[in-house]
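Trainee: just need the structure, nothing else, for what follows:
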Amino acid sequence: MGKMKAILIARVSTEEQKEAGNSLPAQEIRLKNYCKRKNLEIINTFSFDESAYKNQRNEFDNILDFVLQQKNKVAVCFDKVDRLSRNVFDKRVSLLYERSLNDEIELHFVSDGQIINSKISAAEKFQFNISLGLAKYYSDAVSDNVKRANEQKLRQGEWIGKGPFGYKNITREDGKKDIIIDEYEARIIKKAFELYATGIYSMNSLRKKIKNDYGIDWAKSTLDKHLKRRFYYGIMEVKGKRYPHHYPPVISKNLFEQVQQVKAGFNKKQFKYAGIPFMYRGLLRCADCGLAVTPERHKGKHVYYHCTEYNGKHGAKYVKEEEITEQIGQVFKRLKLPKKILKQLIDTLGKTHKDKIEFQNMQFDKLTQEKKRITKMIDNLYMDKLEGKISEDRYKKFSTSLEERMDEVNSQLEKLGNAEKNYYITAKYLLDLANRAYELFKSSEVDEKRQLINLVLSNLKLKGKRVVYDVNKPFDAILNYQDSVLWRPQGDLNSRFRRERAMSWTRLDDGDV
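Mentor: Got it, this is the predicted structure:
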């Protein structure tokens, strides 16, 4: 009678690979020495890295197919029972066990000293079941320890995996792992949030711009995932729970919330012509019936806008895109201020800003103390839970309340910091922008023109061939100033234009036209 054929199977999980005594090479050596002692002929050796606790085990399933394809009885050799599985409910275990009892194969567990075949006693069957149970217990205990360690890390503000796009994982000089900002990637993420927050870009048009500007071709789902990540303003999310982290934020919470509001708005809209770059698509509505104004390209040259008159004919006219651009361009042209007036406004803003600083400092100190108090309460509450002084339910109730209050304080601090830091700068920037609006509008691409329009104007409607609109703050004040006689040269008066523009400032609801 010839030698029995043997198939060797060595397996590790990622964590176990670090243990020299349990590594794949160490297992293979023990298995080969065993076959030599037992006079078994090795026909194949499989070594792989895969968890034995998960239901989906692709590599092991391929090995199992090879085992079951053997026409003659073979010895399937593992180092220990837990190399086969750590899940007593694993269907693969019962399949191999039944084949062994039917004398089709033998299971050899070298380091455990167990052989499962058709001749084993009741005691040996019991020992095998005990070994499987212990393997599962070990796996569950390791899982519990990992969960506790991860929970502790999350509560300390540490991320437990690979940092998201915009961050990079590093090993510090002391050997500890950390996550830091990736300056280039973070700049892309921040720009994506800023652009989408304008409400001008759809997901597809934003993808296209990021690809053109940065060479990154994100799938729509990837971009959507990035725009939903709270991690970028300081909050980690794991299985529905949120934890503040200590890594530098990429964006502010306010910007994140703006993006979510825009996303919610886009989900309610349907753009039939979303892929066509018409300048005023989605920006204009009919002043008579409130329907969206539709763009059409005639004879491959001119683009015309008109109401579909879906709710009934009302004599809607076709208006060239160039005519609309000319009318809106006149608005931007009139935003330009004389240098003297511009300087006076900026000086006034500077004085007003100084008056705010003292009050803001007082508010900042108050909120900072409140944040320290809440942080201490959260830490004490967690220690009470660990020591069993409060139940899990009461801990969740109180911790949720404290975390919500912490979010409020952080939000107020952020707003206060932005107000103190950017109040004067932003106001000065808006005045400077207004002064250059017409030049920017003329020289910009379609997307930039749409951004400028949304920044300055709102509620754009087409009344016949005339564009009517509301003017956003603070640009409405600038145009009001421009209409006053305080600095208008006498030769610049145009009463007809002023009457039409004054009408366009009045909000035009359906039926008011």
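Trainee: domains of this structure?
Mentor: 5-152, 186-269 (automatic domain parsing).
Trainee: what mean pLDDT does the first one have?
Mentor: Translated: domain 5-152. Across domain 5-152, the average pLDDT comes to 81.
Trainee: also stretch 412-421?
Mentor: Computed over stretch 412-421, the average pLDDT equals 59.
Trainee: equivalent analysis for stretch 334-354, please.
Mentor: Taken as a whole, stretch 334-354 has a mean pLDDT of 66.
Trainee: just the helices in the stretch 351-500 of the chain please.
Mentor: When secondary structure is read from DSSP state H, counting those that start in this stretch, the stretch 351-500 of the chain shows helices at 392-443, 446-456, 475-483, 495-505.
Trainee: ok, the stretch 201-350 of the chain next?
Mentor: 203-214, 220-227, 253-268, 321-333, 339-386.
Trainee: would you single out the least confident of the ones you listed?
Mentor: helix 339-386 (a mean of 72).
Trainee: with distance to V110 and mean neighbour count added, can I get the helices of the stretch 201-350 of the chain in CSV?
Mentor: For glycine as for every other residue, the C-beta is placed from the backbone atoms N, C-alpha and C. Shown next, in CSV, are these (distance: least, CB to CB, whole Å; neighbours: other CB atoms under 10 Å):
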stretch, distance to V110, mean neighbour count
helix 203-214, 55, 16
helix 220-227, 46, 15
helix 253-268, 56, 14
helix 321-333, 79, 17
helix 339-386, 42, 13
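Trainee: with distance to K299 as added columns, please give the ones you listed in JSON lines.
Mentor: Listed next are the helices of the stretch 201-350 of the chain as JSON lines, based on distance: least, CB to CB, whole Å:
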{"stretch": "helix 203-214", "distance to K299": "26"}
{"stretch": "helix 220-227", "distance to K299": "34"}
{"stretch": "helix 253-268", "distance to K299": "32"}
{"stretch": "helix 321-333", "distance to K299": "14"}
{"stretch": "helix 339-386", "distance to K299": "45"}
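Trainee: how about the domains of the chain, which one is nearest S391?
Mentor: domain 5-152 (16.8 Å; CB to CB).
Trainee: how about the helix or strand where N62 lies: buried residues?
Mentor: Per DSSP states H and E, N62 falls inside helix 58-68. Neighbour-count burial for helix 58-68, counted by 16 or more other CB atoms under 10 Å, picks out F60, I63, L64, V67.
Trainee: farthest-apart pair in those, please.
Mentor: F60 and V67 (10.2 Å).
Trainee: I'd like the domains of the chain as JSON lines, with distance to T325 appended.
Mentor: Below are the domains of the chain laid out as JSON lines (distance: least, CB to CB, whole Å):
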{"stretch": "domain 5-152", "distance to T325": "56"}
{"stretch": "domain 186-269", "distance to T325": "16"}
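Trainee: surely D103 touches V74?
Mentor: No - D103 is not in contact with V74 according to CB atoms under 8 Å; the separation is 11.7 Å.
Trainee: sorry, back to before: and the helix holding N62, what does it pack onto?
Mentor: When contacts are defined as 3 or more CB pairs under 8 Å, 6 or more residues apart in numbering; DSSP states H and E, helix 58-68 packs onto strand 5-12, strand 41-49, helix 91-101.
Trainee: name the residues that touch it?
Mentor: By CB atoms under 8 Å, 6 or more residues apart in numbering, the surrounding residues in contact with helix 58-68 are 7, 9, 11, 44, 46, 48, 50, 52, 74, 76, 92, 95-96, 99, 105.
Trainee: from the residues you listed, which is closest to K136?
Mentor: A52 (9.9 Å).
Trainee: just so I know, which of the helices and strands packed on helix 58-68 lies nearest K333?
Mentor: Of the helices and strands packed on helix 58-68, nearest to K333 by CB to CB is strand 41-49, at 67.5 Å.
Trainee: by contact count, what packs against that closest one?
Mentor: By 3+ CB pairs under 8 Å, 6+ apart, strand 41-49 packs against strand 5-12, helix 24-38, helix 58-68.
Trainee: what is the orientation angle of the second one with strand 41-49?
Mentor: Spelled out, it's helix 24-38. Interaxial angle of helix 24-38 relative to strand 41-49 (axes from the mean of the first three to the mean of the last three CA atoms, to 10 degrees): 160 degrees.
Trainee: just use 105 as the starting number from now, easier for me
Mentor: Will do, 105 is the new start, and the previous item becomes helix 128-142.
Trainee: please identify the buried residues of helix 128-142?
Mentor: Using 16+ other CB under 10 Å as the test for burial, helix 128-142 gives L128, Q131, E132, R134, L135, K136, Y138, C139.
Trainee: and L258, how many neighbours does it have?
Mentor: L258: 18 surrounding residues under other CB atoms under 10 Å.
Trainee: please apply the same query to the one 10 residues further on.
Mentor: For P268, the count of nearby residues is 17 (other CB under 10 Å).
Trainee: K567 too?
Mentor: 15.
Trainee: I'd say it and A391 touch.
Mentor: Yes - using CB under 8 Å, K567 is in contact with A391, at 3.9 Å.
Trainee: before we move on, back to that, out of the helices and strands packed on helix 162-172, deepest packed?
Mentor: Of all the helices and strands packed on helix 162-172, strand 109-116 carries the top mean neighbour count, a mean of 22, counting by mean count of other CB atoms under 10 Å.
Trainee: sheet partners, orientation included, of that strand?
Mentor: Strand 109-116 has the following strand partners under DSSP bridges: strand 145-153 (parallel), strand 178-182 (parallel).
Trainee: the inter-axis angle of it versus helix 162-172?
Mentor: Using the same axes, to 10 degrees: strand 109-116 against helix 162-172 is 170 degrees.
Trainee: using PDB, write down the CA coordinates of strand 109-116.
Mentor: Presented in PDB, the C-alpha positions along strand 109-116 are these (Å, rounded to 0.1, in the frame of the first residue of the first chain):
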ATOM      1  CA  LYS A 109      -1.300  11.900   0.100                       C
ATOM      2  CA  ALA A 110      -1.300  15.000   2.300                       C
ATOM      3  CA  ILE A 111      -2.400  18.600   1.700                       C
ATOM      4  CA  LEU A 112      -0.900  21.200   4.000                       C
ATOM      5  CA  ILE A 113      -2.800  24.300   5.000                       C
ATOM      6  CA  ALA A 114      -1.100  27.200   6.900                       C
ATOM      7  CA  ARG A 115      -3.200  30.200   7.800                       C
ATOM      8  CA  VAL A 116      -2.600  33.500   9.700                       C
END
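Trainee: contact partners of it?
Mentor: 126-128, 131-132, 135-136, 139, 144-154, 156, 164, 167, 170-171, 174, 176-183, 187-188, 212.
Trainee: returning to what we had before: of all the buried residues of helix 128-142, which comes closest to E413?
Mentor: L128 (73.8 Å).
Trainee: now do the contacts for the closest one.
Mentor: Here L128 is in contact with A114, R115, V116, Q121, S151, D153 (CB under 8 Å, 6+ apart).
Trainee: swap in C139?
Mentor: With CB under 8 Å, 6+ apart, C139 has these contacts: A110, L112, E145, I146, C181.
Trainee: again, 10 Å this time
Mentor: Applying CB atoms under 10 Å, 6 or more residues apart in numbering, one finds that C139 lies in contact with K107, M108, A110, L112, E145, I146, T149, A179, C181, H212, V214.
Trainee: and the gap between the last one and K136?
Mentor: Counting by CB to CB, to the nearest Å, the separation of V214 from K136 is 10 Å.
Trainee: cool, and the third one?
Mentor: A110 sits 9 Å away from K136, taking CB to CB as the criterion.
Trainee: touching both of those two, which residues are there?
Mentor: L144, I146, T149, C181.
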